[in-house]
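show me how the following folds:
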Amino acid sequence: MHATEETLWSLALYGLAVLSLVALMLGLSYALGQQRRSRATDEPFESGIVSVGSGRLRLSVAYFVVAILFVIFDLEVVFLYAWAAAFDAVGLAGFVEALIFILVLLAALAYLWREGALDWGPRQRSLERTERER
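Numbers count the residues shown, from 1 in each chain. Predicted coordinates:
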């Protein structure tokens, strides 16, 4: 048997074990779970208190912009941490690549800042500033 065939069989066996475990957990949850239903247990968050009102909140678009910026700069930190760990191995070429990466991200941040995507104030102020610049 070749090494690739052995690897595929191992992977198939692992996948079968995972699916069996998932089926077992779902089956046990159904069999051992509470069968009574009440208004409080049908709520998405069961704390024994019947919730009042809607759980849907309207969030500002600025919240999502900040979330996206966090993800972008969080990934930058992960990339730079890996680069710092291998600093001796990558040498000057790795330093230049990391510098280009940082400069591209800073250019994107400067563009967003200039366009007003980071303004938390009312939209009217951003529109007035845009009109003054024209």
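
and residue 83, how many neighbours?
15 (other C-beta atoms under 10 Å). The C-beta positions use only the backbone N, C-alpha and C, and glycine is treated the same way.

let me know whether it touches residue 100 as I believe.
No: counting by C-beta atoms under 8 Å, residue 83 does not reach residue 100; the two are 11.7 Å apart.

pull up the overlap in contacts between these two.
Shared contacts of residue 83 and residue 100 (C-beta atoms under 8 Å, 6 or more residues apart in numbering): none.

confidence score at the closest residue to residue 62 other than its chain neighbours?
Closest residue to residue 62 apart from its sequence neighbours, by C-beta to C-beta, 6 or more residues apart in numbering: residue 120 at 5.5 Å. Residue 120 carries a pLDDT value of 72.

for residue 114, pull up the helix or strand it's in.
Element membership of residue 114, judged by DSSP states H and E, is helix 87-115.

for that helix, list every residue counted as buried.
Using 16 or more other C-beta atoms under 10 Å as the burial criterion, the residues of helix 87-115 that qualify are 90, 98.

and that helix, how far from the chain's centre?
Offset of helix 87-115 from its chain centre (C-alpha atoms, centre = their mean, to the nearest Å): 22 Å.

helices and strands around that helix, which ones?
helix 61-85 (3 or more C-beta pairs under 8 Å, 6 or more residues apart in numbering; DSSP states H and E).

would you mind pulling the contact partners of the helix it packs on?
Contacts for helix 61-85 (C-beta under 8 Å, 6+ apart): 90, 94, 97-98, 101-102, 105, 108-109, 112, 117-120.
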